[in-house]
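Colleague: no sequence on this one, just coordinates:
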């Protein structure tokens, strides 16, 4: 088989999808999987338990792709701007939008867009969103008029820790913030049907989410070293690996090289904060997935350089032999240009990459 | 215009291509542009001065694409392994290969592949390649027999400094190493027609390269903050930018967000070593390209978060307004899923991404 190639373990993927569906069903809250991780209709079908509805996307290209495949109720969870109105309009009213400013609410209300809209609040990540106490919240909801659908938040700051007690605390704080925002608007006489929160760590480890109507998460489907290193999942839950070939031994320099570099793996080193030897990925046995005690420490576009301390590794991994590499950040690894998944049962599933 | 989108300044690109062609002509050495940066037939046509020959690629998908477009004499500069022999064979004898081990030389000799082969030496980067003094060098050349074509090296370690005197020293050392390897083989009675070295910094700043037959470089075509921060090019030489839209103001957190994140920009922060405020890219005026004193400091998949110290920036960059962002590492930014270039003269040029 030619390399590099994305390998998707269908058993692990199915178990990850199932576990989250069960967890959300136990919580009594709708799961709205974020398909920016898999960018695959086939994976999204598993993630929704065959429902093919209520998903989250991060680009309008994804929204179009999933709508065309028959998915309904698609949330584009990135702030919309007027240069994207025409395309959003073509996708139709099954696309839900997000805003966090009066300007965009007014622009939406003045446009012909029929789409429902969530208002994003900032529950501590400090990326998008309004503070819960911001008076603009009500202004936006009123400007949106009948398009106003509810509140959304994203607790991306849950990744700052590997302490699950703190993750649970962040989840509760996120739910509190979203509920508080919804309650403020309800007190003003507005209907707030949707209260949407989420991130893989907070959703997986949250309890007692009264008042929340839906949960968003994506990376739980594949998992990766960033998740496992933060105790959010187990290493055995990682469903996505990169199949790579050993293309060189540089014994004099004490390294071997694989044909998985910055594009095949991504340049994310976000796992190292909690897993110091993560590098750009762990090399594993291609069949058993047992870690080999080797990781990619330098990447160039198509080269991954792996320091070798035990010279026996050169014999165990001759040039031309294959490894499977656990990724640091599955979303970015999968988006690196692979274009498709090779499933462990032999099937090939396509992806929708890019913005056009 | 929808964003994010790659914008390619045709005047800067043409000047960059022309300058390198002239420089190599002055040195009297063939330029073999590395098209892993642009992954575009149109750019490669400029890079070769219309010659459409003697290029370098980093994947067999690129090799196929350029061969199909009529390019001849294509060097696949990544170590070949048997799982890629069949595909290399289909591309034909116009594809030159690289090896750095006796095992692969023997495997190639035993295969039906007619391709010429370079032996890679390690001139200090410590990625691929053999030490110049390694006795395997001659063994490999003899194992390759008539397929043996010459020597190649890559001085990627030239990026460790922003001191051009040191870059020149690295270039001379690289040329010395390649010449020394070629001379050793010639003393053993072997013909060594090709001695190929290169990296953008060493090629751009090298002088006196007697005995070198060709120079490889790619990123000089686009340039980026990593290059400019190392004084390898000027900021005004950067031909590639990402057009992005301001999608949110989070005044409470002191940030604004743009719709260019980890995929549109890449997660490379390699410019910060020599340009501490580079982050994931500098925001510039979309027309004049004047830097705005703002840079992306946090990226998520589709969000770039930009710290704002002067609140006037929110007024100058209202939600919905556009910026052009100077990339940290043009090769990776361009490969992030954009799929095409929007030229400043209105044309659209496609790219060949991925491995399939």
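Modeller: The structure has been received and is ready for your questions. Predicted model, so just to flag it, every value in this text is computed and none were measured.

Colleague: C-terminal to the single longest strand found in chain A, what's the next element?
Modeller: Counting by DSSP state E, the longest strand found in chain A is strand A:240-250. Going down the chain from strand A:240-250, the next helix or strand is strand A:255-258, by DSSP states H and E.

Colleague: is chain B contacted by that next one?
Modeller: Yes. Contact of strand A:255-258 with chain B is found when judged by C-beta under 8 Å from any C-beta of the partner chain, involving A:255, A:257. C-beta: built from backbone N, CA, C; applies to glycine.

Colleague: Could you do stretch A:178-188 as well?
Modeller: No. Using C-beta under 8 Å from any C-beta, we find that stretch A:178-188 stays clear of chain B, coming within 13.7 Å at best.

Colleague: Buried ones in that stretch, by neighbour count?
Modeller: Judged by neighbour count (16 or more other C-beta atoms under 10 Å in any protein chain shown), stretch A:178-188 contains these buried residues: A:178, A:179, A:180, A:181, A:182, A:184, A:185.

Colleague: ok, of those residues, which one's closest to residue B:158?
Modeller: Lowest distance from residue B:158 to the buried residues of stretch A:178-188 (C-beta to C-beta) belongs to residue A:178, with 51.1 Å.

Colleague: mean confidence for whatever helix or strand the closest one lives in?
Modeller: For residue A:178, the enclosing helix or strand under DSSP H and E is helix A:164-187. In this model, helix A:164-187 has a mean pLDDT of 95.

Colleague: which helices and strands does that helix pack with?
Modeller: helix A:136-144, strand A:148-152, strand A:194-197, helix A:200-205 (3 or more C-beta pairs under 8 Å, 6 or more residues apart in numbering or on different chains; DSSP states H and E).

Colleague: Turn the ones you listed into JSON lines, columns for distance to residue B:26 and mean pLDDT.
Modeller: Listed next are these as JSON lines, based on distance: least, C-beta to C-beta, whole Å; pLDDT from 0 to 100:
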{"stretch": "helix A:136-144", "distance to residue B:26": "61", "mean pLDDT": "98"}
{"stretch": "strand A:148-152", "distance to residue B:26": "59", "mean pLDDT": "98"}
{"stretch": "strand A:194-197", "distance to residue B:26": "62", "mean pLDDT": "98"}
{"stretch": "helix A:200-205", "distance to residue B:26": "56", "mean pLDDT": "91"}
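
Colleague: Indicate which one of those is closest to chain B.
Modeller: Nearest of those to chain B, taken as C-beta to the nearest C-beta: helix A:136-144 at 10.0 Å.

Colleague: and that closest one, does that touch chain B?
Modeller: No. Contact of helix A:136-144 with chain B is not found when judged by C-beta under 8 Å from any C-beta; the minimum separation is 10.0 Å.

Colleague: What lies in contact with that helix?
Modeller: Applying C-beta atoms under 8 Å, 6 or more residues apart in numbering or on different chains, the contact partners of helix A:136-144 are A:99-102, A:105-106, A:108-109, A:117, A:119, A:121, A:130, A:148, A:181, A:184-185, A:188, A:190.

Colleague: is chain B contacted by the helix or strand of chain A with the lowest mean pLDDT?
Modeller: One helix or strand of chain A scores below all others by mean pLDDT, DSSP states H and E: helix A:200-205, with a mean of 91. No. Using C-beta under 8 Å from any C-beta, helix A:200-205 stays clear of chain B, coming no nearer than 13.0 Å.

Colleague: Helix or strand next in line after that helix, which one?
Modeller: Heading towards the C-terminus - elements assigned by DSSP H and E - helix A:200-205 is followed by strand A:214-217.

Colleague: Which other helices and strands does that following strand contact?
Modeller: Using 3+ C-beta pairs under 8 Å, 6+ apart, strand A:214-217 is in contact with helix A:10-27, strand A:30-33, strand A:194-197, helix A:200-205.

Colleague: And stretch A:321-329, what's buried?
Modeller: Here stretch A:321-329 shows A:322, A:323, A:324, A:325, A:326, A:327, A:328, A:329 as buried, counting by 16+ other C-beta under 10 Å.

Colleague: counting contacts, what elements does the longest strand of chain A pack onto?
Modeller: strand A:5-8, strand A:255-258, helix A:262-265, strand A:322-326, helix A:330-334.

Colleague: Okay, now the sheet partners of that strand, with direction.
Modeller: Using DSSP bridges, the strands paired with strand A:240-250 in its sheet are strand A:5-8 (antiparallel), strand A:255-258 (antiparallel), strand A:322-326 (antiparallel).

Colleague: Need these in CSV (columns: distance to residue A:67 and mean pLDDT).
Modeller: Putting the strands paired with strand A:240-250 into CSV (distance: least, C-beta to C-beta, whole Å; pLDDT from 0 to 100) gives the following:
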stretch, distance to residue A:67, mean pLDDT
strand A:5-8, 23, 98
strand A:255-258, 38, 98
strand A:322-326, 33, 98
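
Colleague: As JSON lines, the ones you listed with distance to residue B:197 would be great.
Modeller: Formatted as JSON lines, the strands paired with strand A:240-250 follow (distance: least, C-beta to C-beta, whole Å):
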{"stretch": "strand A:5-8", "distance to residue B:197": "32"}
{"stretch": "strand A:255-258", "distance to residue B:197": "19"}
{"stretch": "strand A:322-326", "distance to residue B:197": "30"}
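
Colleague: ok now do the residue lying closest to residue A:103 once chain neighbours are set aside, which residues does it touch?
Modeller: For residue A:103, ignoring the flanking residues on the chain, the nearest one in space by C-beta to C-beta, 6 or more residues apart in numbering or on different chains is residue B:319 at 5.3 Å. Counting by C-beta under 8 Å, 6+ apart, residue B:319 touches A:79, A:81, A:101, A:103, A:104, B:246, B:247, B:248, B:249.
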